[in-house]
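Engineer: okay, here's the prediction I keep looking at, along with the sequence it came from:
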Amino acid sequence: MQITRKYSIQFRVILYAMLLSLAIVLPFRMTQAQPVVGAGSYVVQARPILTAVTLGGTVIPARDITLSAQLPGRVEMIAGEEGDAFKKDTVLVRLDTIELMAQRRSAVAEWANAEANLRNAWVSQRTEILSPDAGKTPGGMAMPFVLDQMFAEPMSDITGTRDMEAERGAALHSRNVQVEQGRNAMVRARSAIDAIDAKLRNARGLAPFDGVITDKMVEIGDTVQPGQPLLKYADTSELQIQVEVPARLVPGLQTGMVLPAKLDVGGWVQVRVAQIFPIADARRHTVTVKFTLPQNTLTGAGQYAQVEIQDISTPAKYLPVIPTASLVWRGSLPGVYVLNDNKRELRLLRLGDTYGSEVTVLSGLKPGEVIELSPQPGVSSGWINPPQSNAK
């Protein structure tokens, strides 16, 4: 009994010693394996990044026109100056129409004469149908005329010297021709009026859409000739970037594709491919591509812009990608805090292109490393959770 009790006491002592050692060692090891407390972490990942080519372009209005003179004349009115906005169908420029109005009055008089001649032809035609011999009947008793109608004309028809039916048909045909000529004269006069009215409309330049005057090329009183530009008008509510893209990059573009663009004013924006021209320029071997800018973008027509286009002919490179929120700046140098063994280490980086909320890393990080996400202001390298001292 004493021996058994002795071994039982020894076993308990050994067991207590083992538990005490585990109580001391395990908390230390668990502290080493725990994630960093109070510091969000991000595992650096590598992604395939295509080579991007930056091309320069020009911001242009989505719609713009040049109003040119359609007839010679003197500029009588210009609606405003560069930058003035107008609604659709507003008269922007007008030429002098005094001479055209005189021509129109003359054409209207010709039309009235043609109408009078047509009415006269209708009366003659009706008279020829109802009373063919009305013009031959003399005044008075007209006995010779009666004898001629009763004996001379029938005898001439019988003997074949005259064909009374043919003569009547010819007279009726002549009246019909006069009516037809009267109608044609009216059409000709109406056409002359329409032509002058068209010139009168061309003497005014109307706004085809809501927009602003972007360039005024003439002044009131200037004499212009057909084809001479008068002013430029554009809709600046929707802007585009026009870029001459090398032909080798065009296969990587599709209508509706979204690409990053950098403006001279306003920084980076996302643009959408609006139009890809079907043929390339024979001299420069480039294709014109238009990109639509977002509404209310802080830029203006004529300004410089750059668009990044992926070169699908070049193999993709696998580069580390990190959130931009993890960056800290030491002067002009970007860096991140690398987390390792409960320590925070500042690592300076060389960055590549930015894609939304992420940025590529050219050097300074490797895939798989853990970095601090959104570091707090004032943090520095060193221990994140300093180890606790056992000294009392």
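Structural biologist: Nice, I can see it.
Engineer: helices of this structure, start to end?
Structural biologist: 2-33, 98-130, 143-147, 153-159, 164-202 (DSSP state H).
Engineer: ok, now which ones touch L319?
Structural biologist: L319 sits next to 46-47, 49, 352, 360-362 when contact means CB atoms under 8 Å, 6 or more residues apart in numbering. For glycine as for every other residue, the C-beta is placed from the backbone atoms N, C-alpha and C.
Engineer: ok, and the most crowded of the residues you listed?
Structural biologist: V361 (22 neighbours; other CB atoms under 10 Å).
Engineer: the residue nearest the centre of the chain and E244: what is the separation?
Structural biologist: Nearest to the mean C-alpha position of the chain, counting by CA atoms, centre = their mean, stands A62 at 3.5 Å. Between A62 and E244 the distance is 18 Å, computed by CB to CB, to the nearest Å.
Engineer: ok, A79 next?
Structural biologist: Distance from A79 to E244, by CB to CB: 34 Å.
Engineer: just to revisit the earlier point, most widely separated two among the contacts of L319?
Structural biologist: R47 and L362 (13.5 Å; CB to CB).
Engineer: go through the helices of the chain and find the least confident stretch.
Structural biologist: With a mean of 42, helix 2-33 has the lowest mean pLDDT of these.
Engineer: G57 contacts Q306, correct?
Structural biologist: Yes: counting by CB atoms under 8 Å, G57 touches Q306, with 7.2 Å between them.
Engineer: between the two, which one's more packed in?
Structural biologist: Neighbours were counted for G57 and for Q306 using other CB under 10 Å; G57 has more, 22 against 16.
Engineer: show me what that one bridges to in the sheet.
Structural biologist: Using DSSP bridges, the beta-bridge partners of G57 come out as V243, A305.
Engineer: how about it, what does it touch?
Structural biologist: 241-244, 291, 304-307.
Engineer: do that again at 10 Å, thanks
Structural biologist: 240-245, 261, 271, 288-291, 303-307 (CB atoms under 10 Å, 6 or more residues apart in numbering).
Engineer: L327 too?
Structural biologist: 334-337, 349, 351, 359, 371, 374-375.
Engineer: and if we set it to 7 Å?
Structural biologist: 334, 336 (CB atoms under 7 Å, 6 or more residues apart in numbering).
Engineer: and what of E99?
Structural biologist: So E99 contacts nothing (CB under 7 Å, 6+ apart).
Engineer: what of H285?
Structural biologist: A247.
Engineer: got it, and Q178?
Structural biologist: 121, 124.
Engineer: now it: how far from R119?
Structural biologist: Q178 is 11 Å from R119, by CB to CB.
Engineer: again, but for R284
Structural biologist: R284 is 68 Å from R119, by CB to CB.
Engineer: same question, Q181
Structural biologist: 13 Å.
Engineer: state the number of residues packed around G221.
Structural biologist: Neighbours of G221 (other CB under 10 Å): 9.
Engineer: wait, isn't it in contact with V75?
Structural biologist: Yes: the criterion here is CB atoms under 7 Å, and G221 meets it with V75 at 6.3 Å.
Engineer: from the contacts of G57, which would you call buried?
Structural biologist: Neighbour-count burial (16 or more other CB atoms under 10 Å) applied to the contacts of G57 gives 240-245, 261, 271, 288-291, 303, 305-307.
Engineer: surely W268 touches K262?
Structural biologist: Yes: counting by CB under 7 Å, W268 does reach K262; the two are 5.4 Å apart.
Engineer: so these two - more neighbours on which side?
Structural biologist: More crowded of W268 and K262, by other CB under 10 Å: K262, with 15 against 12.
Engineer: for the more buried one, which non-adjacent residue is spatially closest?
Structural biologist: Closest residue in space to K262, ignoring its immediate chain neighbours: Q306 at 4.6 Å, by CB to CB, 6 or more residues apart in numbering.
Engineer: give the contact list for that neighbour.
Structural biologist: Here Q306 is in contact with 54-56, 261-262 (CB under 7 Å, 6+ apart).
Engineer: try 10 Å
Structural biologist: Q306 sits in contact with 54-57, 241, 243, 260-264, 268, where contact means CB under 10 Å, 6+ apart.
Engineer: how far away is it from E82?
Structural biologist: 27 Å.
Engineer: next one: A102
Structural biologist: 35 Å.
Engineer: with P320 instead?
Structural biologist: 50 Å.
Engineer: those two: which has the busier surroundings?
Structural biologist: Each of P320 and E82 has its neighbours counted (other CB under 10 Å); P320 has more, 23 against 11.
Engineer: who does the more buried one bridge with?
Structural biologist: Residues in beta-bridge contact with P320 (DSSP bridges): A46.
Engineer: that one and G56, how far apart?
Structural biologist: Taking CB to CB, one finds P320 at 29 Å from G56.
Engineer: same question for D194.
Structural biologist: Distance from D194 to G56, by CB to CB: 50 Å.
Engineer: how about S380?
Structural biologist: Taking CB to CB, one finds S380 at 42 Å from G56.
Engineer: quick one: which of the two has more around it?
Structural biologist: Between S380 and G56, counting by other CB under 10 Å, G56 is the more crowded of the two (12 against 9).
Engineer: so that one is in contact with E308, correct?
Structural biologist: No: using CB atoms under 10 Å, G56 makes no contact with E308, being 11.2 Å away.
Engineer: joint contacts of those two?
Structural biologist: Common neighbours of G56 and E308 (CB under 10 Å, 6+ apart) are K262.
Engineer: phi, psi for T90 please.
Structural biologist: phi -70, psi 140 (degrees, to the nearest 10).
Engineer: how about the nearest residue to it once chain neighbours are set aside, what does it touch?
Structural biologist: Leaving out its chain neighbours, the residue that sits closest to T90 by CB to CB, 6+ apart is A207, at 4.6 Å. Shown in contact with A207 (CB under 10 Å, 6+ apart): 65, 67, 79, 85-92, 213, 233, 235.
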